[in-house]
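J.: I would like to see how this sequence folds:
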Amino acid sequence: MRWRVWLAAAAAALANVAATAEGYCENDIALLDRQFEGGAFHRCEVRDGEFVITIRPEDSKVEVPMPWYAFRASPKQEGEAIVLMGFVDADADRFWPKVSLDGINWQRLPDRAVAVSEDKQRLALRIPLAEAPVWIASQRLLTTRFYDTWTLSLSQRPDVAVRVFGRSIHGRPISVAETSPKRLGVLFIGRQHPPEVTGALTMHAFVDTVLADTQLARSFREIFTVITAPLLNPDGVANGHWRHNAGKTDLNRDWGPFRQPETRSVRDLLADLPRRGIALRLMLDFHATRLTETHLFYTQRPEDGDGSAHAFAAEWFERVRKRQADLEFIHRPSKSESANAKNYFFDTYGIPSITYESGDETDPDWIAAAAPVFAEEMMRTMLAP
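T.: Now for the predicted structure:
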């Protein structure tokens, strides 16, 4: 009954809540703020001792409802903070709230601490407070610092060079990690859409497998240059966007128009490959989707081009099935008219161009176990005579 009262209160309170330019609100129990990278909510107020916040997209052009939010509750005394959340143009249950005591290690907020309204427009959260601040977010925070740490670790490998090859609208660096130049190349792209954190985790595990010090990975890198652009939308990630970059654009609809500096930077990077004697042979674009405990692959259809792109994907996934029959995933050959990376790289280079998606709520441990299997079998497929 109490949950119903809170959810009803949220409906009324959210209609009248005033924006806070400072990005915080507070009561006698805690201060709630979004003053950190990735922190995001639209409005915040305290009513009758309870926090009331509104979640809405970064601009009016956002069409895909992926409601990112992240805030921090800093205790003033031990107790319980009640947070009433209202969502504009999105389902409140698209992401299950995650909680962290350090901003690094995350877990799902317990079911008993969350209530969803029947119309899926509101959430009510009960957040226990002790001495340390508590972070709450729609997905775990993987900010630009995460990528700085990762690319630094990659740069310390003897056959990997990391460099800045572009800048975002706000001037943030866009980095690429490349292995030693070979005759052929593969390209991995990540984080075009900020909330797609499970896709980022998948990319991390996949790329680390391809760059590992194993016989298979070393043999692969003897033939293929591995080109990795792990964070294509740093402005969107830093500012807690649902979908867009700072230019109010879905980057995965800008492959061809190239109106944004982020996609242009990749285009220009690849334009230099022929001069360097590298022929691109595969593109993987890592994303997330509304699934659990699975991967989803969008590939070319058998009738696209000469059929070789589809044949590659079919052989790759057959190898995975033979190796681990209980590993669930979906292969979905498809064709659309959108200006996404999958279409652009296939139409421009005639190569297998695959969108690799992970479920929004997929357990990170499952991803850490599954992604290396796909990476190893991808390498074996490309190395096969």
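J.: switch to C-alpha atoms for all contacts and neighbour counts from now on
T.: Fine.
J.: So Ile127, which state does it fall into?
T.: At Ile127, secondary structure determined by DSSP: H, G, I helix; E, B strand; the rest coil is strand.
J.: can you tell me the helix or strand for the closest residue in space to it that isn't next to it in sequence?
T.: Excluding the flanking residues, the one nearest Ile127 by Cα to Cα, 6 or more residues apart in numbering is Ala81, at 5.1 Å. Using DSSP states H and E, Ala81 maps to strand 79-87.
J.: Quickly run through the sheet partners of the next helix or strand after that strand, with directions.
T.: For strand 79-87, the following helix or strand on the C-terminal side (DSSP H and E) is strand 98-100. Looking at strand 98-100 with DSSP bridges, its partner strands are strand 107-108 (antiparallel), strand 134-137 (antiparallel).
J.: and strand 98-100, what's its mean pLDDT?
T.: Averaged over strand 98-100, pLDDT sits at 97.
J.: isn't Gln192 right next to Ala229, touching?
T.: No: using Cα atoms under 8 Å, Gln192 makes no contact with Ala229, being 10.2 Å away.
J.: Okay, and the residue nearest to Leu211 when sequence neighbours are not counted sits in which element?
T.: Ranked by Cα to Cα, 6+ apart and with sequence neighbours excluded, the top spatial neighbour of Leu211 is Ala217, at 6.2 Å. Assigned by DSSP H and E, Ala217 belongs to helix 215-221.
J.: just how off-centre is the helix or strand that Arg264 is a member of within its chain?
T.: Assigned by DSSP H and E, Arg264 belongs to helix 261-271. Relative to its chain's centre, helix 261-271 lies at 20 Å (Cα atoms, centre = their mean, to the nearest Å).
J.: do stretch 154-167 as well
T.: Using Cα atoms, centre = their mean, the offset of stretch 154-167 from its chain centre is 21 Å.
J.: now swap in stretch 254-274 and tell me
T.: Distance, centroid of stretch 254-274 to centroid of chain: 20 Å (Cα atoms, centre = their mean).
J.: Scan this structure for its longest strand.
T.: strand 279-289 (DSSP state E).
J.: Walk me through which strands that strand pairs with, and which way each runs.
T.: Here, using DSSP bridges, strand 279-289 pairs with strand 184-190 (parallel), strand 353-359 (parallel).
J.: deepest of these, which one?
T.: Compared across the strands paired with strand 279-289, strand 353-359 shows the largest average neighbour count, a mean of 24 (mean count of other Cα atoms under 10 Å).
J.: Report the mean confidence score over the helix or strand following it.
T.: Downstream of strand 353-359, the next assigned helix or strand under DSSP H and E is helix 364-383. For helix 364-383, mean pLDDT is 97.
J.: got the contact list for helix 364-383?
T.: 198, 201-203, 205-207, 209-210, 216-217, 220, 293, 312, 315-317, 319-320, 327 (Cα atoms under 8 Å, 6 or more residues apart in numbering).
J.: Quick check: pLDDT value at Tyr349.
T.: 97.
J.: ugh, wrong one, I meant Ala15
T.: The model's pLDDT for Ala15 equals 49.
J.: Where does the prediction get shaky in this protein?
T.: Applying pLDDT under 70 to the chain picks out residues 1-22.
J.: Tell me where it has helices.
T.: 2-16, 144-155, 197-210, 215-221, 234-238, 261-271, 308-323, 341-349, 364-383 (DSSP state H).
J.: Of all those helices, which one is nearest Phe71?
T.: Checking the helices of the chain against Phe71 by Cα to Cα gives helix 234-238 as the closest, at 13.3 Å.
J.: Output the closest one as PDB, restricted to C-alpha atoms.
T.: What follows is helix 234-238, C-alpha atoms only, in PDB (Å, rounded to 0.1, in the frame of the first residue of the first chain):
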ATOM      1  CA  PRO A 234      32.600  10.800 -25.400                       C
ATOM      2  CA  ASP A 235      30.400  13.900 -25.000                       C
ATOM      3  CA  GLY A 236      27.300  11.700 -24.700                       C
ATOM      4  CA  VAL A 237      28.900   9.500 -22.200                       C
ATOM      5  CA  ALA A 238      30.300  12.300 -20.100                       C
END
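J.: dump the residue contacts of Pro333.
T.: Phe297, Tyr298, Thr299, Gln300, Arg301, Pro302, His310.
J.: Any of these buried? List them.
T.: Among these, those classed as buried by 16 or more other Cα atoms under 10 Å are Phe297, Tyr298, Thr299, Gln300, Arg301, His310.
J.: any idea which of these is closest to Ala288?
T.: Phe297 (10.5 Å).
J.: ok, the closest one to Leu211 distance?
T.: 22 Å (Cα to Cα, to the nearest Å).
J.: cool, Asn233 as well?
T.: Separation of Asn233 from Leu211 (Cα to Cα): 23 Å.
J.: picking that back up, who touches the residue nearest to Leu211 in this structure?
T.: Thr209, Val210, Leu211, Glu376, Met379.
J.: and stretch 86-98, how far apart are its ends?
T.: End-to-end distance (Cα to Cα), stretch 86-98: 17 Å.
J.: quick one: contacts of that stretch?
T.: Counting by Cα under 8 Å, 6+ apart, 10-11, 14, 52-57, 65-67, 106-109, 116, 120-123, 136-140, 290, 360-361 sit against stretch 86-98.
J.: ditto for stretch 155-165
T.: Contacts for stretch 155-165 (Cα under 8 Å, 6+ apart): 151-152, 154, 173-180, 265, 269.
J.: of the residues you listed, buried ones?
T.: Thr151, Leu154, Pro173, Ile174, Ser175, Val176, Ala177, Glu178, Thr179, Ser265.
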